[in-house]
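Q: show me how the following folds:
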Amino acid sequence: MNYRNIINKGTTILKKNAILTANIDAEWLLSIAINKTREKILLNLEDELSLKEESLYLDLVNRRKIKEPISYIRGKKFFWKYDFVVNKNVLTPRFETELLIEEVLKLYKNTDNIRVLDIGLGSGCILISLLKEKKRWKGVGIDVSELAINVAKTNAKIQQVRNRIKFINSDIDKFNSYKYDLIVSNPPYIKKSKLSSLIEDVKNFEPKLALDGGPDGYSAILKVIAKSSKLLKKNGMLFIEIDNTQVIKTKEMLKKYKFFTKDVCKDLSGNNRCITAIKL
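A: Numbering: from 1, shown residues only. Predicted coordinates:
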């Protein structure tokens, strides 16, 4: 079977299983199966597959048809400027989270030699992306999941920043350290009651630990703010990703813990995505 026909077959299967991005997913899955770029495939649609390649491709289609994310099937997700290793133990990096990177780099444009803490490290995509941009920065990444820490270590090694990051497997409540210039965090902020209404790609495959923000969605946010108030130097900054609806209460929490809210940043969809605050 040639590329065109196998893609059509994959698309048909995915459409029957309500995959909204069936056509492009079918193309990406073929790229994964035969280890060729999607562009090269589309330029050579009459090329033939071996029976082994066909079988592998259909196995991948069967994984996708039950809503397994492409990023987990591929084992990688592009974020900022790099491919990051991902699996079921870490949240898939979102394009929207790049806003946090942009805001940090904007405010620290001319700053060298600082120490940054990433609370809820996950795949390491935020901290590693910052350290790739800032060659003299050093960081600490903390996560309650040892499996997530292992993924982050792999990504740090691939991106050649492993020697500038200290990895700590711990709950933030139990973490005590010296003062930091900058803290970044993308904590779980989805209400527990809303987890079941998430799309199947997310609720059936991504780690609940990285999604569940407790009964009101603020459990992890509060922990991050409270601990950051102790770990940040005076005039140090906290960058925290939030849900679009969480601005008012998050600002109240920040004020309670002696932070001045500098800015509320919106993503490309116009949604509130990130709060930046200064430790007074």
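Q: C-alpha only now, for contacts and for neighbours.
A: Will do.
Q: centroid residue for this structure?
A: Centroid-nearest residue in the chain: residue 93, 2.3 Å away (criterion: CA atoms, centre = their mean).
Q: wait, it touches residue 80, no?
A: No. Checked against CA atoms under 8 Å, the pair residue 93 and residue 80 is beyond contact range at 9.5 Å.
Q: where along the stretch 101-250 of the chain do the strands fall?
A: 115-119, 138-143, 165-169, 180-185, 232-241 (DSSP state E, counting those that start in this stretch).
Q: which one of these lies closest to residue 56?
A: strand 138-143 (34.8 Å; CA to CA).
Q: report the angle between the closest one and strand 180-185.
A: 40 degrees (axes from the mean of the first three to the mean of the last three CA atoms, to 10 degrees).
Q: tell me what strand 138-143 is packed against?
A: For strand 138-143, the packing partners by 3 or more CA pairs under 8 Å, 6 or more residues apart in numbering; DSSP states H and E come out as strand 115-119, helix 125-133, strand 165-169.
Q: mind redoing it with 7 Å?
A: strand 115-119, strand 165-169 (3 or more CA pairs under 7 Å, 6 or more residues apart in numbering; DSSP states H and E).
Q: next, the angle from that strand to helix 125-133.
A: In terms of direction (the same axes, to 10 degrees), strand 138-143 departs from helix 125-133 by 170 degrees.
Q: send the alpha carbons of strand 138-143 over as PDB?
A: The C-alpha coordinates for strand 138-143 follow below in PDB (Å, rounded to 0.1, in the frame of the first residue of the first chain):
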ATOM      1  CA  LYS A 138      21.300  28.000  37.400                       C
ATOM      2  CA  GLY A 139      18.200  26.300  38.500                       C
ATOM      3  CA  VAL A 140      16.500  23.900  40.900                       C
ATOM      4  CA  GLY A 141      13.500  21.800  39.900                       C
ATOM      5  CA  ILE A 142      11.200  20.200  42.400                       C
ATOM      6  CA  ASP A 143       8.400  17.700  41.800                       C
END
